[in-house]
Each structure stands twice: as structure tokens, then as C-alpha cells.
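J.: Test case, fold it:
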Amino acid sequence: QVQLVESGGGLVQAGGSLRLSCAASRRTFISYFMGWFRQAPGKEREFVAAISGSGGSAYYADSVKDRFTISRTNAKNTVYLQMNSLKPEDTAVYYCAADAYGSTRYQELDEYDYWGQGTQVTVSS
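T.: Model prediction:
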């Protein structure tokens, strides 16, 4: 079992930045492929970014590429999402997720085994 706790959400103006953090409870964190997803009101949860266990490979949704950066510090069991040039359409609850095995299906919700409770990000225009 892995507990995931997100933090760092908040209210920011368009063009601003936020950094989200997700702390994992498991000491074998390095073996988990990690992802960030988001869900806006009235919309389905969607893929944002993912990172391999070693941190050597990262993947992004087209809508956030070149603005968001996913990273991880395995010594701290933590994954981050640096969000720059934020837009009102980035407003959503952001969730981190852990995949025990990792695969090419990193954009799929059902690929992930554990989920955090989410953190709200609101971008005002």
C-alpha cells in the first residue's frame, strides 16, 4: 500500500507559477512510475505528466508541454510538478498517482494503482 499526499496548490494569476509536491509513504518509491492528472469541474480526469522511476524519462500532455516540468527526488520519496505560464484553463484539482510497474499506458487512469486526495489549483484571468 502507498499513501500519496499532494501539496502546493492555490490561487495564482494567469502567467504565474506554482509547484506541486506529492509525498509517498513507500520506501520503494524509486520503483514506482509516477503521474500527475487533473480534473476540471464537469470534465473527466486527464493526463498531465508522468515520470519513470529513475527520473530519466518524462512525458507530457500536449496542453502543458513547454510550460510544466515533472521531476522527482527519490531520496525524499517525492515527485514534483513545476507549473509555469499558467492559464485559466489549467484550473483543476490536480492528483498524483503511482504505478507499480510502469508501461506505455502512462496516460491511462486505470494504469495507476494508487492516488492522492488532490490539490486545487485556480488560475485567475
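J.: Check which helix or strand the residue positioned nearest the centre of the chain maps to.
T.: Central residue of the chain (Cα atoms, centre = their mean): Trp36, 2.2 Å from the mean position. Using DSSP states H and E, Trp36 sits within strand 33-39.
J.: List the buried residues for that strand?
T.: Phe33, Met34, Gly35, Trp36, Phe37, Arg38 (16 or more other Cβ atoms under 10 Å). The C-beta positions use only the backbone N, C-alpha and C, and glycine is treated the same way.
J.: Following the chain onward from it, which element is next?
T.: Toward the C-terminus, strand 33-39 is succeeded by strand 46-51 as the next helix or strand (DSSP H and E).
J.: Compute the inter-axis angle for that next one and strand 33-39.
T.: Counting by axes from the mean of the first three to the mean of the last three Cα atoms, to 10 degrees, strand 46-51 points 160 degrees away from the direction of strand 33-39.
J.: and strand 46-51, what other elements does it pack with?
T.: Helices and strands touching strand 46-51, by 3 or more Cβ pairs under 8 Å, 6 or more residues apart in numbering; DSSP states H and E, are strand 33-39, strand 58-60, strand 68-73, strand 78-83.
J.: Including distance to Thr119 and mean pLDDT, could those go into JSON lines?
T.: Shown next, in JSON lines, are these (distance: least, Cβ to Cβ, whole Å; pLDDT from 0 to 100):
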{"stretch": "strand 33-39", "distance to Thr119": "10", "mean pLDDT": "97"}
{"stretch": "strand 58-60", "distance to Thr119": "19", "mean pLDDT": "97"}
{"stretch": "strand 68-73", "distance to Thr119": "14", "mean pLDDT": "97"}
{"stretch": "strand 78-83", "distance to Thr119": "10", "mean pLDDT": "97"}
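J.: Out of those strands, which is closest to Leu18?
T.: strand 78-83 (5.0 Å; Cβ to Cβ).
J.: In the sheet, which strands lie alongside that closest one, parallel or antiparallel?
T.: Partner strands for strand 78-83, per DSSP bridges, with pairing direction: strand 18-24 (antiparallel), strand 68-73 (antiparallel).
J.: Understood, closing this out.
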